[in-house]
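# With the sequence up front, the predicted model follows.
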Amino acid sequence: MTAIISTQTHDHLVKYLSTATGRDRIHRFVQYFSRFLVWHGQRNGYDKDLLARLTNLMGALGQTRKLMRVGRQVEFLRTIQKAAGLKDDVTRLTTIVKNTFLSLWLAHDTCQWVSCVRAIALASGASPL
């Protein structure tokens, strides 16, 4: 991967992708607060239309958070690349294992998002739109 893209380009990409952390926290707060309001509203008999809109907001924010994580695998792959040069065997091994699984998790998360928004055709042959 280093032969294709320079390490400086990797570092700039990782820095850009890391700026979504604050936005993710705000989205997560609103998403979970909406979940609380739906729960509270169901217990206290709030308007069904309001509850449906809050439920839709929760789903949209969840998908937006997944979209913001698309491509962050590069950050963990870059960390694996840097960890290969560490002298301490235990630190190198644990860093590589941790970041490998985080990268795989984010790749799976991206596949879920792509499937959920139907950006690719499903295996059953259904139309993506």
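Looks like it arrived, so ask away. Residues are numbered from 1 along each chain as shown.

# ok, and what's touching stretch 49-58?
Residues from elsewhere that reach stretch 49-58 (Cβ atoms under 8 Å, 6 or more residues apart in numbering): 30-31, 34-35, 37-38, 41-42. Where C-beta positions appear, they are placed from N, C-alpha and C, glycine not excepted.

# Low-confidence bits of this structure, can you list those?
Scanning the chain for pLDDT under 70 picks out 1-5, 16-18, 20, 119-129.

# now could you export just the CA positions of stretch 55-72 as PDB?
Extracted in PDB, the C-alpha atoms of stretch 55-72 (Å, rounded to 0.1, in the frame of the first residue of the first chain):
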ATOM      1  CA  THR A  55     -38.000   6.900  15.500                       C
ATOM      2  CA  ASN A  56     -37.200   7.900  12.000                       C
ATOM      3  CA  LEU A  57     -34.700  10.500  13.400                       C
ATOM      4  CA  MET A  58     -33.000   7.700  15.400                       C
ATOM      5  CA  GLY A  59     -32.700   5.500  12.300                       C
ATOM      6  CA  ALA A  60     -31.400   8.400  10.100                       C
ATOM      7  CA  LEU A  61     -28.800   9.400  12.700                       C
ATOM      8  CA  GLY A  62     -27.600   5.800  13.000                       C
ATOM      9  CA  GLN A  63     -27.100   5.500   9.300                       C
ATOM     10  CA  THR A  64     -25.400   8.900   9.200                       C
ATOM     11  CA  ARG A  65     -23.000   7.800  11.900                       C
ATOM     12  CA  LYS A  66     -22.200   4.700   9.900                       C
ATOM     13  CA  LEU A  67     -21.600   6.900   6.800                       C
ATOM     14  CA  MET A  68     -19.200   9.100   8.800                       C
ATOM     15  CA  ARG A  69     -17.200   5.900   9.600                       C
ATOM     16  CA  VAL A  70     -16.800   4.800   6.000                       C
ATOM     17  CA  GLY A  71     -13.100   4.800   5.100                       C
ATOM     18  CA  ARG A  72     -11.700   5.000   8.700                       C
END
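
# hmm, back to that, which of the contacts of stretch 49-58 are buried? Put it as a PyMOL command.
A single PyMOL command is used to select the members of those judged buried by 16 or more other Cβ atoms under 10 Å:
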select buried, resi 31+34+35+37+38+41
